[in-house]
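Visitor: fold the following, please.
(2 chains)
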Amino acid sequence: MKAPLRLTLALLIGVGTARPVAAQWEAGREVLRRADLHALQVHRFSDLVEWIGLGGVSLDGITWATSLEGVRTPAGDGIAWIVDGVPTDIGAFGSSFPELLPAIVQQIDSVVVTRSPTVAQGRLYPRGSVDVFTADFDPGVEARAWARHGAETGDPGPFVYTPYETRGVDQTGPDGSITASASTSTFGISAGTRYLRTDVSDPNLRSAFGSDYLAFTQVRGGQGAAWLRAGGGEHRLSVARYNQIGHSAVFGQGQFTRLDLTRSQVAIAGSLGSVDRRAGYVLSGRSFEGEGPGLWTAVSMEEVDGAAWLDLPLRAGTAGFSAAVRSGELAEALGEDRTALHGHLTGQRVGGWTASAQAGVVRVRGEWGGEGMLTLSRTVATDLGIELFAARGIEYSASGSTEPLPTSAPRVRISTVRGGIGANWQTRSDLRTTARLSAARDRYTPIQPYYAYPSQQFAVGVDAGADYRPSARWQTAVHYSGLLLDLDATAPIPRILEPPTHQLRAWAAFSVAPTFRLSAATRLESGRRYPQPRLSPPGNYYLDPLVRIDLGIDKSFWEERFRTTLSLRNLLNRTEQDHPHGADFAFRYFITGTLQLP
Amino acid sequence: MVCAAIGLAARPAMAQRAFESITAGIGVMHNFGAGSLEEFWEPPVASDLRVSFPFYAGSIHFSLGSGTYSAHGNHQPDFESHLLTAGWSAGRPLVLGADGRAGLQVGAMTMDFDDERTPVGNLEETELLLGAEIALSRRLAAGLGVEVYVATQRVFTRRPIDLFNAGVAANYTLGLPTWLSGALR
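Guide: Next up, the predicted model:
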C-alpha cells in the first residue's frame, strides 16, 4: 500500500497511533508542522483555531462555536478533534472548548486540518477534522518549561489621571506549561501541566455581566501518558483533566453566564500487527462537570467511547470493519448515544483510480440511520493528483449551540450531503499547491413540534493553497478559503454564525541565523453582516473587513535550550472581532520564553 | 540635570561576527516633545544607559532612559518614567571617521506614579512602544567613542504618546570572551 493511501486510511478510521504525518500534502488538507506553529505564534489551541479559520464565533478568543465552511448545524461543530488518534469531544453547553483538549501545544509535532468529510470511529464528521499529533520523545529524559505573557495595547496609561481616562485593556496570560518525559525505544512516560488566563475588558462584555470587573477565562490542569511499543504495534494510555472557568453566551441574545467546566479523560489506544494487516482499538472515558447557562445550571456527566477495527489485506487493497459505541449521560444529553458498525474497502484500482469506500449503520436513541463516504483518487501525472469525494450522513444530534432555543438539548434530525473535487500538484520539489472545490447541502429538522423549523443550507466553497519551502532557512505558505455560493433557507430562526466570504492567510519565516528567526503572518477577511439577533436592540451588526499583520522575533541561546520570542499581533491596530457581541482585540504583544533540558 | 547613557558606536556590518564585542555607554537625553503628555506634564531631561552588540547583520541595541515627568498642576501626580528599548540598526561609514546608522526599536515605557495626592488607577503602568532612531558616532581613541542620536517613539496608550528624544553619549567598546559570545550567538 502506498504511503498516502495509508495516511488516508489512518485519518479516516482514526488509527490510534501518534506518528507524525508532516510530510503529507493532499487536496483540502493543510499540514502545520511544529516549526510552522511556532512561526505563527500558536501557543494555545485557541490560537490554532483562530489561525486555521474554522469560521466560528468566539466571544473571548478562547471559547468557540465552530463551523467549517460556515454551514451551520445545530450541534455547531461537525468537526472531529482527534488527538493522537483518539476523537476528542470538546463540546458542552453549545460551545466548543479547544483549551480542554487533552494535550499541550508545546508538545505538538504537527497538525493536519482536513476540510473534507471525515469518518472517525464510525461517526461522520461532515466538516472535516483537526488531527493533532504530539511529538515522539527521543530516548532519554527531557523536561521543558514554557511561559508567555502579553497584553493589548490601548491602555489609558498616565491619562487615567486626566479627563481622557479610558478603560483598561485585555491581558493575555500569564500562560505556562511544564512537561517532562522519560523514554526508551520501547517504553516511555510523560507528564505535563498547563495554565492560561485571559482577562477581557470590553465594555459590552462587562455590561452584559452587569458589573465592572474584567471578564476572565482561566484554564488549568494536567495530563500524563505512558506508551509501549511491542509486536509491531503501539499502545498508549493517557489521562488528562482540565478545568476552564470563564463565561459562555447564548449567541444572538447578548446574554452571558458564568461557566465552570471540568473535563476529564482516560484513554487507551493502540495498533497491532504490521502496517498491511493491522488492528486497532480506542477506549476512552470522559466526564464533564460544570455550571453553565440556562437549564444547565449544574451538570456532571460521563460517557464512554470505544472502537475497534481490523484491516485485512486483499490482492489489490484492504478491507476491514470497525465497530464503535458511545454511551453515557453526556452522550445521551447531546443526543449522540450511538452504536455504529462500519465497513470499509480501500485500494481497488480500476482504470488508474484508487477507491476508498466506507458505509455504516448507526443506531442513535433507538433510531436507525446510515452514513457513508466514497473517495476516488488518481495520480494523473507524476506531479498531479486529483480526488473526488462524496459523503452522505444521516444522524441525530442535539444542541442549542447556535440557535437561540430556550432548551439545552433540542433533538434535531440532520441530513447531510457533501461532495467535491480536489487537486494537488507539485511542479518543483520546494513548491506544493492544492485546490479543492466542494459543495454541501445540510438539512435539519428539530423533532420537538414546537420548534419544528425545518431548514436547509447549500454552500459551495473553495480552498486553495501553496506551500513554498526553498530551504530550511526560508519558508512561506498561503491559503485561501472562499464561499462561492451560500444559500440559507433557514427561517424563521436568524442566522447567527456568519462566516467571512473570503479569507486569505499567508505567512513567511526566515532564519537570519540558526538561532535567530523572523516571521510574519497576515490574515485578510471580508466583512460580515449579521442579522439583528432576537431579543437584541437594533444596532449595527456588521464587522468590518479584517486586515491583520503579525510579526515575530525569535532568538535562542545555549544550543537552543533557551528560546525567547517577541510577538506583535495585529500590528495595524485594526479592530479584530468575531461577533458583534464579542470582545474586540486591538494591537497585542506577547513575550514568550521556553527552557528545554537537557 | 545630568544624565548617564550608553552610546553605541555603529560598526561596519559586513566585517563582523555577531556578539564578538560589546559597546556600553552613558549619556544624557532630552525629551523635546512628549505629544499629548505635554498638556499635563513637563517632559524631562533623562539619563540614558545603552549597550549594543554587532549582530548577524547590522547591530542590536538596548537602552534604558530614565526621567521624571513633572505635573503642571495638582490634578495629576508626577511620575518617574523608564524607557526600555531593544533595537536593530544598520550603519555605514561616513566622512571624517564618523559612522552613521539608522534603525527600529521596540520596547516599553514604564510609569511609576507618585499619586499620594491623586490616588486613582494603578501605581505603575507599562506600555508598549515602537520607535525609530538615527545616530552619528565617531571613535575618539582605542575603544572610546562618542555618539549623538535622535529617536522618535510612539507609546501605544489609548491616547497615543509620541516622544521625540535627542541625546549624546560616551561609549567604550571591548571584545567579549569566546564563551560568552558563543552563548549569545
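
Visitor: and the helices in the chain?
Guide: Here I'm looking at chain A. Under the criterion DSSP state H, chain A contains helices at A:3-13, A:34-39, A:45-52, A:203-209, A:329-333.

Visitor: hmm, no, I was thinking of chain B.
Guide: Using DSSP H, the helices found in chain B span residues B:178-184.

Visitor: which parts of it sit against chain A?
Guide: Residues of chain B found near chain A (C-beta under 8 Å from any C-beta of the partner chain) are B:18, B:36-37, B:39-41, B:56-57, B:69, B:75-77, B:79, B:106, B:109, B:111, B:113, B:115, B:118, B:120-122, B:125, B:127-128, B:155-159, B:161, B:183-185. Any C-beta I mention is one placed from the backbone N, CA and C, and that applies to glycine too.

Visitor: would you confirm that residue B:46 contacts residue B:34?
Guide: No: using C-beta atoms under 8 Å as the test, residue B:46 is too far from residue B:34 to be in contact (11.1 Å).

Visitor: which residues does residue B:125 bridge with?
Guide: On the basis of DSSP bridges, residue B:125 takes part in beta bridges with residue B:111.

Visitor: separation between it and residue A:236?
Guide: Residue B:125 sits 48 Å away from residue A:236, going by C-beta to C-beta, to the nearest Å.

Visitor: from residue B:167, how far off is residue A:110?
Guide: For residue A:110 relative to residue B:167 (C-beta to C-beta), the value is 49 Å.

Visitor: higher neighbour count, those two?
Guide: Higher neighbour count among residue A:110 and residue B:167: residue B:167, with 26 against 22, using other C-beta atoms under 10 Å in any protein chain shown.

Visitor: now that one: closest residue in space, sequence neighbours ignored.
Guide: residue B:29 (3.4 Å; C-beta to C-beta, 6 or more residues apart in numbering or on different chains).

Visitor: so what's the closest residue to residue B:72 other than its chain neighbours up against?
Guide: Take residue B:72 and drop its neighbours on the chain: the residue closest to it by C-beta to C-beta, 6+ apart is residue B:40, 5.9 Å away. When contacts are counted by C-beta atoms under 8 Å, 6 or more residues apart in numbering or on different chains, residue B:40 touches A:158, A:161, A:162, B:71, B:72, B:73, B:75, B:76.

Visitor: tell me, how many residues neighbour residue 38?
Guide: Using chain A. Counted with other C-beta under 10 Å, the neighbours of residue A:38 add up to 20.

Visitor: should've been chain B
Guide: 14.

Visitor: next: the one 5 residues further on.
Guide: Residue B:43 sits with 21 neighbouring residues when counted by other C-beta under 10 Å.

Visitor: that one against residue B:31, yeah?
Guide: Yes: counting by C-beta under 8 Å, residue B:43 touches residue B:31, with 3.7 Å between them.

Visitor: what touches both of the two?
Guide: Common contacts of residue B:43 and residue B:31, defined by C-beta under 8 Å, 6+ apart, comprise residue B:67.

Visitor: distance-wise, check residue A:572 relative to residue A:166.
Guide: Applying C-beta to C-beta to residue A:572 and residue A:166 gives a distance of 20 Å.

Visitor: just residue A:501 next, same as before
Guide: 33 Å.

Visitor: let me see the contact set for the residue nearest to residue A:176 when sequence neighbours are not counted.
Guide: Nearest residue to residue A:176, sequence neighbours excluded (C-beta to C-beta, 6+ apart): residue A:147, at 4.5 Å. By C-beta under 8 Å, 6+ apart, residue A:147 lies in contact with A:174, A:175, A:176, A:592, A:593.

Visitor: how about residue B:124?
Guide: B:110, B:111, B:112, B:113.

Visitor: mind redoing it with 10 Å?
Guide: Counting by C-beta atoms under 10 Å, 6 or more residues apart in numbering or on different chains, residue B:124 touches B:79, B:80, B:110, B:111, B:112, B:113.

Visitor: max pairwise distance over those: which two?
Guide: Longest distance between any two of these is 10.6 Å, between B:110 and B:113; criterion C-beta to C-beta.

Visitor: any common contacting residues for the two?
Guide: B:79, B:80, B:124, B:125.

Visitor: output stretch A:422-440 as CSV, nothing but the C-alphas.
Guide: Extracted C-alpha coordinates of stretch A:422-440, given in CSV (Å, rounded to 0.1, in the frame of the first residue of the first chain):
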residue,chain,number,x,y,z
GLY,A,422,-9.7,18.4,-5.1
ALA,A,423,-6.3,18.5,-6.8
ASN,A,424,-2.8,18.8,-5.6
TRP,A,425,0.2,19.2,-7.7
GLN,A,426,3.9,19.7,-7.2
THR,A,427,5.8,21.3,-10.0
ARG,A,428,9.0,21.7,-8.1
SER,A,429,10.5,19.9,-5.1
ASP,A,430,10.1,23.0,-3.0
LEU,A,431,6.6,24.1,-4.1
ARG,A,432,3.3,22.4,-3.5
THR,A,433,-0.1,23.7,-4.4
THR,A,434,-3.5,22.4,-3.7
ALA,A,435,-7.1,23.3,-4.5
ARG,A,436,-10.5,21.9,-3.6
LEU,A,437,-14.0,22.8,-4.6
SER,A,438,-16.8,21.4,-2.5
ALA,A,439,-20.5,21.6,-2.2
ALA,A,440,-22.6,20.8,0.8
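
Visitor: and the gap between the residue nearest the centre of chain B and residue A:539?
Guide: Nearest to the geometric centre of chain B sits residue B:63, at 4.1 Å (C-alpha atoms, centre = their mean). Distance of residue B:63 to residue A:539, given as C-beta to C-beta: 47 Å.

Visitor: next: residue A:169.
Guide: Distance from residue A:169 to residue A:539, by C-beta to C-beta: 23 Å.

Visitor: who has more neighbours, those two?
Guide: Each of residue A:169 and residue A:539 has its neighbours counted (other C-beta under 10 Å); residue A:169 has more, 25 against 12.

Visitor: what's the neighbour count on the closest residue to the more buried one other than its chain neighbours?
Guide: Leaving aside its sequence neighbours, residue A:169 sits nearest to residue A:152 (C-beta to C-beta, 6+ apart; 4.0 Å). For residue A:152, the count of nearby residues is 26 (other C-beta under 10 Å).

Visitor: over to residue B:183?
Guide: The number of residues near residue B:183, taken as other C-beta under 10 Å, comes to 14.

Visitor: contacting residues for the nearest residue to residue A:194 once chain neighbours are set aside?
Guide: Leaving aside its chain neighbours, residue A:194 sits nearest to residue A:177 (3.8 Å; criterion: C-beta to C-beta, 6+ apart). Residues in contact with residue A:177, defined by C-beta under 10 Å, 6+ apart, are A:43, A:104-107, A:144-148, A:192-196, A:222, A:594.

Visitor: in strands only, show me those.
Guide: A:144, A:145, A:146, A:147, A:148, A:192, A:193, A:194, A:195, A:196, A:222, A:594 (DSSP state E).

Visitor: with pLDDT and distance to residue A:328 added, can I get these in JSON lines?
Guide: Converted to JSON lines, the ones in strands among the contacts of residue A:177 look like this (pLDDT from 0 to 100; distance: C-beta to C-beta, whole Å):
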{"residue": "A:144", "pLDDT": "93", "distance to residue A:328": "35"}
{"residue": "A:145", "pLDDT": "96", "distance to residue A:328": "36"}
{"residue": "A:146", "pLDDT": "95", "distance to residue A:328": "34"}
{"residue": "A:147", "pLDDT": "96", "distance to residue A:328": "37"}
{"residue": "A:148", "pLDDT": "95", "distance to residue A:328": "36"}
{"residue": "A:192", "pLDDT": "95", "distance to residue A:328": "27"}
{"residue": "A:193", "pLDDT": "96", "distance to residue A:328": "27"}
{"residue": "A:194", "pLDDT": "96", "distance to residue A:328": "26"}
{"residue": "A:195", "pLDDT": "96", "distance to residue A:328": "28"}
{"residue": "A:196", "pLDDT": "94", "distance to residue A:328": "28"}
{"residue": "A:222", "pLDDT": "95", "distance to residue A:328": "23"}
{"residue": "A:594", "pLDDT": "94", "distance to residue A:328": "38"}
